[in-house]
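Engineer: Predicted model follows, preceded by the sequence.
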Amino acid sequence: MTWADLPGISIRYELSGQGPNSLILLHELGGSLESFDACIDGLEDGNRILRYDQRGAGFSEKPRASFTLTDHVADLLALTDVLGLKPPYRLLGVAAGAAIAASLAIANPDLVEALILCSPALGTVPERQVYLMQRSAMAEEKGMRAIADATLERSYPQSFREDEKAYQTYLARFLANDPVAYGHANRALTEAKLTSQLDRITAPCLVLAGAHDVLRPKSEMLDICNRLPRGEFAEVLSGHLMPVQAPGELVAETRRFLASLEESPAGGLQRSPTGGNPE
């Protein structure tokens, strides 16, 4: 395990792969860098991959003070700076991780080369905000086990639990979350109001919907895609947690999308003269 001591926060990360492209993987709420274990081998070709535990998650530091999406973006930029990863970046974000990716692309479009948004959580309706706040309070008061069944019932459908080992591993990691930090992350997500700002994203973007995702249904994903200047849509046979429930399809769609952009003279990826990564 490797950590970076960033301003005010210690972040665990892993670098893998070699290549001129920086591909950054951003996990879901309640997840960790291990969420991408089944995807790494298929994504390393031509990419220097960074995956990390967001603040309050996995083995990264668990702050007692609340934090926001802005803090998550600042952590990402500080980490890439410390590691010497040069922009523009390819960002693959899952659910709440996609909100971090989109936030960076909105605020600093010149830093982002391409986006893959998996069941992106870019906004929350009032009812969902109430649910997230209630879940935060219950986790902090009674612990992660008190919210596990209700949370995973919707994000990890029964039809995807046939791989018992994969499900039990994910459940164990979920239960190991720090309840206070998990509560902070839930509250940070309630502040996401990115849908109306998607026209500011200049990078090509693949929006992936899970065919069995009840949290972020296909209709919502299509609406997000239609708001993006360079959006593309695809559907995968997954629930809400694509890297765990459909890693093969996620890898295939990501590789196809990036390859199509590189091959397209008009819409291809443009690297800056100073781009590239250190060996």
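Structural biologist: Yep, that arrived.
Engineer: Start from the N-terminal end of the stretch 51-200 of the chain and give the strands.
Structural biologist: Taking DSSP state E, counting those that start in this stretch as the criterion, the stretch 51-200 of the chain carries its strands at 89-94, 112-118.
Engineer: The first one - contacts with which helices or strands?
Structural biologist: Judged by 3 or more CB pairs under 8 Å, 6 or more residues apart in numbering; DSSP states H and E, the packing partners of strand 89-94 are strand 18-26, helix 96-107, strand 112-118. Just so you know, the C-beta spots here come from the backbone N, C-alpha and C atoms, and that holds for glycine as well.
Engineer: any idea of the mean pLDDT for the second one?
Structural biologist: For helix 96-107, the per-residue pLDDT values average out at 98.
Engineer: when you give positions from now on, start the count at 10
Structural biologist: In the new count, where the first residue is 10, that last one comes out as helix 105-116.
Engineer: Can you name every helix or strand that that helix contacts?
Structural biologist: So helix 105-116, by 3+ CB pairs under 8 Å, 6+ apart, packs with strand 27-35, helix 78-92, strand 98-103, strand 121-127, helix 188-199.
Engineer: So which of the helices and strands packed on strand 98-103 is nearest S145?
Structural biologist: Among the helices and strands packed on strand 98-103, the nearest to S145 by CB to CB is helix 105-116 (13.2 Å).
Engineer: can you list the helices and strands packed on helix 105-116 in CSV and add distance to I233 and mean neighbour count?
Structural biologist: Listed next are the helices and strands packed on helix 105-116 as CSV, based on distance: least, CB to CB, whole Å; neighbours: other CB atoms under 10 Å:
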stretch, distance to I233, mean neighbour count
strand 27-35, 16, 21
helix 78-92, 16, 18
strand 98-103, 12, 27
strand 121-127, 7, 27
helix 188-199, 16, 21
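Engineer: Quick check: A261 is in a strand.
Structural biologist: No - checked against DSSP: H, G, I helix; E, B strand; the rest coil, A261 lies outside a strand; its state is helix.
Engineer: quick one, which of the helices and strands packed on strand 98-103 is nearest to F68?
Structural biologist: When those are compared (using CB to CB), the closest one is strand 27-35, at 15.8 Å.
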